[in-house]
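J.: show me the folded form of this:
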Amino acid sequence: MPPLYWLPLAVLGIVVFVWLWDTAPTPGEALLRGWAWGLGHFAVGSYWILEAFWVPPADYGPLGLPSVAGLAALLGLFPGLAAFTARRLVGRWPHLGGRYRRLLLLAVCWTVTEWVRGHLFTGYPWNPLGHVLAFAVPLLQSAALFGVYGLGTVTFIVLAAPAAGWRAVAGALVFVAAVGVGGQVVVGSSAGADGPLLRIVQPNAPQAEKWNPALQPVHLRRLIELSRRDGLERVSAVIWPETAVPFVMEPQSAALPTLATVVPPGGYLLTGAARNAGRSQDGVWNSLLAIDGGGRVLAHYDKAHLVPLGEYIPFHKHLAPVSGLIGRGSFEEGDGPATLKLPGLPPFAPMICYEVIFPAAIVPRGDRPRWLLNVTNDAWFGLSTGPYQHLTSARLRAVEEGLPMIRAANTGISAVIDAYGNVLASIDMAREGVIDHILPPARGATPYSRWGDWMLLAFLAFSFVVVAFRRRA
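T.: Numbering: from 1, shown residues only. Predicted structure coming up:
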């Protein structure tokens with residue numbers, strides 16, 4: 001997985017999973033073995049969550065290890081269910097004795113359970129198997145057909161090929177080469193784009209200091225100084241990260257004139273901010289605000305896919321004493337994907353942090369934007385692998401939707417991503433800086449952007465028919 005991409009370990013890991021499944025004497029044993037494998041897989045893949053528990057002043061360090069272990073134990077059930085289901089089907093269909101059919105069946109079951117993991121109980125599609133291929137942009141292009149889950153099916157078959165013998169390995173290598181060549185043909189050039197010039201600001205504000213009232217003026221001044229660097233007059237929009245404004249914004253906030261000082265002529269400031277709807281209404285939203293040169297909020301988007309226990313407590317309005325006991329408030333839930341349309345700026349679909357990891361859930365159907373905007377604050381996770389894996393999710397959404405992605409992160413990684421998943425410009429972790437970049441061009445609507453997971457369903461149905469078809473003498 002990103003950012004290491006140690007491919008021999010990917011092959012070893014999936015081959016071991018296949019071997020554990022193939023040698024399990026019963027479906028129940030396959031379930032247990034698959035769960036044990038998944039426990040290790042998700043513990044390593046999600047260790048970075050530990051970082052958030054140690055960020056002061058809300059220091060919950062002792063809860064970190066049991067929380068990550070519990071999450072890994074829960075997520076491990078999904079590979080276990082894939083192994084269980086495939087074993088049951090093999091038992092029911094004796095003609096599935098061939099290694100290739102059995103491998104394809106297991107890959108289909110893996111993908112189905114990976115899709116369920118991404119949707120059940122609000123979903124957690126972190127590190128889907130298709131991310132293994134993110135080291136090579138041409139190999140990602142089939143995600144435009146059937147999404148990252150379908151890409152995961154292909155990845156599983158390729159990585160598991162050694163378990164089916166040398167012929168399968170040779171076939172996998174030829175297949176990868178063909179997909180790579182085809183992907184390279186598909187990948188276009190972003191040169192010659194005539195889109196607006198955007199300025200992305202990465203302030204690198206430490207999370208432990210971000211909400212300190214004594215330091216709020218310092219953080220705001222840093223954002224303003226970075227935003228007002230030379231060339232502001234040529235920019236169409238200045239973009240700040242998630243909750244960049246270090247206080248809750250009210251409808252007529254006294255800070256709006258100050259924020260307007262970074263708005264370019266005829267342009268906008270697009271900033272993450274916690275906002276409320278005024279004293280007459282309860283609730284705070286994690287939002288993106290579009291502010292013009294007159295200090296007016298012309299549009300806003302409220303985060304809809306909130307992080308359970310991180311941004312909201314389930315049933316918090318009915319369990320207020322419990323929410324207060326653990327020292328956590330809750331953001332209110334937004335209305336879902338939206339396309340914001342501002343005069344002089346191509347329409348865009350905003351995503352706040354975690355929302356970018358959800359395939360087919362970032363663009364409103366029937367209102368296709370021209371580009372994608374992801375504002376995030378990964379400062380909670382330090383210099384771990386988490387922010388790099390988060391960036392990979394953003395790249396896959398760009399490929400799936402055929403749209404460029406602009407990403408503004410508090411401590412990194414801010415990036416300009418074209419519609420093929422190429423990172424054209426970036427600011428690495430724990431650095432302060434600014435990116436001025438012309439918005440890359442969009443592609444035509446991809447099959448996945450048109451039909452979403454129906455494309456995945458068609459792909460899996462075809463694969464299942466190939467597995468189940470029995471030739472008669």
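J.: contacting residues for residue 311?
T.: The contact partners of residue 311, taken as CB atoms under 8 Å, 6 or more residues apart in numbering, are 286, 303, 330-331. (C-beta placed from N, C-alpha, C; glycine too.)
J.: from residue 45, how far out is it?
T.: Residue 311 is 21 Å from residue 45, where distance means CB to CB, to the nearest Å.
J.: could you confirm residue 67 falls within a helix?
T.: Yes. Under DSSP: H, G, I helix; E, B strand; the rest coil, residue 67 sits within a helix.
J.: just checking, it touches residue 52?
T.: No. Applying CB atoms under 8 Å, one finds residue 67 not in contact with residue 52, separated by 9.5 Å.
J.: out of those two, which sits in the busier spot?
T.: Shown here are residue 67 and residue 52; by other CB atoms under 10 Å, residue 52 has more neighbours (20 against 17).
J.: center of this protein - which residue?
T.: In the chain, the residue lying closest to the centroid (CA atoms, centre = their mean) is residue 357, at 2.3 Å.
J.: what comes up buried for the longest helix along the chain?
T.: For the chain, the helix with the greatest residue count under DSSP state H is helix 166-186. Across helix 166-186, burial judged by 16 or more other CB atoms under 10 Å covers 168, 171-172, 176, 179-180, 183, 186.
J.: show me what it is packed up against.
T.: Judged by 3 or more CB pairs under 8 Å, 6 or more residues apart in numbering; DSSP states H and E, the packing partners of helix 166-186 are helix 99-117, helix 143-160.
J.: using the three-state scheme, assign the residue nearest to residue 232 when sequence neighbours are not counted.
T.: Leaving aside its chain neighbours, residue 232 sits nearest to residue 264 (5.2 Å; criterion: CB to CB, 6 or more residues apart in numbering). Of the three states, residue 264 takes coil under three-state DSSP.
J.: who touches residue 264 in this structure?
T.: Contacts of residue 264 by CB under 8 Å, 6+ apart are 199, 232-238, 293.
J.: need the next SSE after the longest helix of the chain, C-terminal direction.
T.: strand 197-202 (DSSP states H and E).
J.: and that next one, what does it pack onto?
T.: Using 3+ CB pairs under 8 Å, 6+ apart: strand 197-202 touches helix 216-227, strand 237-239, strand 405-409, strand 414-417, strand 433-438.
J.: care to break the protein down by domain?
T.: Residue ranges for the domains of the chain, per automatic domain parsing: 7-187+452-468, 197-442.
J.: check contacts around residue 255.
T.: Contacts here follow CB under 8 Å, 6+ apart; on that basis residue 255 touches 220, 245, 247, 249.
J.: ugh, wrong one, I meant residue 270
T.: 237-240, 288-291, 350, 373, 375.
J.: scan those residues and report the most crowded one.
T.: Among the contacts of residue 270, residue 375 has the most neighbours (other CB under 10 Å), with 32 neighbours.
J.: what's the angle between the strand or helix carrying that one and strand 405-409?
T.: Using DSSP H and E, residue 375 sits within strand 371-376. Between strand 371-376 and strand 405-409, the angle comes out at 20 degrees (axes from the mean of the first three to the mean of the last three CA atoms, to 10 degrees).
J.: pretty sure residue 312 sits against residue 331.
T.: Yes. At 5.6 Å, residue 312 and residue 331 qualify as touching, with contact defined as CB under 8 Å.
J.: find residues that contact each of these two.
T.: residue 306.
J.: restricted to helices, list the contacts of residue 255.
T.: residue 220.
J.: lowest pLDDT pick from the contacts of residue 255?
T.: Lowest pLDDT among these: residue 247, with 89.
J.: tell me where the stretch 201-350 of the chain has helices.
T.: 207-210, 216-227, 256-259, 320-325 (DSSP state H, counting those that start in this stretch).
J.: in JSON lines, list the ones you listed along with distance to residue 454 and mean neighbour count.
T.: Formatted as JSON lines, the helices of the stretch 201-350 of the chain follow (distance: least, CB to CB, whole Å; neighbours: other CB atoms under 10 Å):
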{"stretch": "helix 207-210", "distance to residue 454": "40", "mean neighbour count": "18"}
{"stretch": "helix 216-227", "distance to residue 454": "42", "mean neighbour count": "17"}
{"stretch": "helix 256-259", "distance to residue 454": "42", "mean neighbour count": "17"}
{"stretch": "helix 320-325", "distance to residue 454": "39", "mean neighbour count": "12"}
